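Enquirer: next come a sequence and a model predicted from it.
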Amino acid sequence: MKNIIINWSVMIALLASCSPATDKKVDKTDSLKTKVDTITTAASEKNSTAKPELSSDFSELIPIDVLDNKSTNVYEKYGIEFSGNCYSCDLASLSITKDKIIWANICNENDAFEINDFSFSNEGNKTIIKTSERTYTLIQIDKAPVYELVIEGKKLELKNKRISRYFTIKKALPLFKEHDCGDFEG
């Protein structure tokens, strides 16, 4: 009987020692599978084209002009164009969101021209917006922020909405030396 008890003990010990080895083998396989899945997922995410993002700053662009081209201070060099903003009110503000471009008269936002079909891409300090008739390129030329607008393609003619070459964001406008019409009542 003693031999039987020892043999059972040996068998239990053998079974117990075999069981973790089998589990370890399964764990390694599961671990390897997880690593492969992770690598495959990461590779597929990397290979998928990341959709470009449009700066939220572009939702309210205000036309500005060069006032003192000799100045090195960007807030003195650029400012509002007095004639277009205060006297004739014929300049266009620009709003670009992910689904539309709106050119609006600076003095009457209800007088607007809207474009809905376009694509865009970012290349460094440039945002390139393409429609079927034109390519608009907004280039950030200063951190202030000041943007230069270049339009290529069919001429854009808008009634009561003259397009400026330079723009800034609405919240930065008060930083410019000339940022409003002052006491002008014209």
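Expert: Yep, it's here.

Enquirer: could you use CA atoms for every contact and neighbour count after this?
Expert: Noted.

Enquirer: pull the number of nearby residues for the closest residue to I101 other than its chain neighbours.
Expert: Nearest residue to I101 in three dimensions, chain neighbours excluded: I115, at 5.0 Å (Cα to Cα, 6 or more residues apart in numbering). By other Cα atoms under 10 Å, 12 other residues sit near I115.

Enquirer: also K154?
Expert: 10.

Enquirer: dump the residue contacts of it.
Expert: For K154, the contacting residues are E133, R134, by Cα atoms under 8 Å, 6 or more residues apart in numbering.

Enquirer: do that again at 10 Å, thanks
Expert: Residues in contact with K154 (Cα atoms under 10 Å, 6 or more residues apart in numbering) are S132, E133, R134, T135.

Enquirer: what's the pLDDT at the residue nearest to I101?
Expert: At I115, the model reports a pLDDT of 94.

Enquirer: isn't it right up against K98?
Expert: No: the pair I115 / K98 is not scored as a contact, 11.2 Å apart, by Cα atoms under 10 Å.

Enquirer: ok so, going back, the contacts of K154 in helices, which ones?
Expert: Within the contacts of K154, no residue falls in helices by DSSP state H.

Enquirer: redo the residues you listed as JSON lines? Include neighbour count and pLDDT.
Expert: Below are these laid out as JSON lines (neighbours: other Cα atoms under 10 Å; pLDDT from 0 to 100):
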{"residue": "S132", "neighbour count": "10", "pLDDT": "94"}
{"residue": "E133", "neighbour count": "11", "pLDDT": "95"}
{"residue": "R134", "neighbour count": "15", "pLDDT": "96"}
{"residue": "T135", "neighbour count": "18", "pLDDT": "97"}
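
Enquirer: what is the nearest of these to L54?
Expert: T135 (15.5 Å; Cα to Cα).
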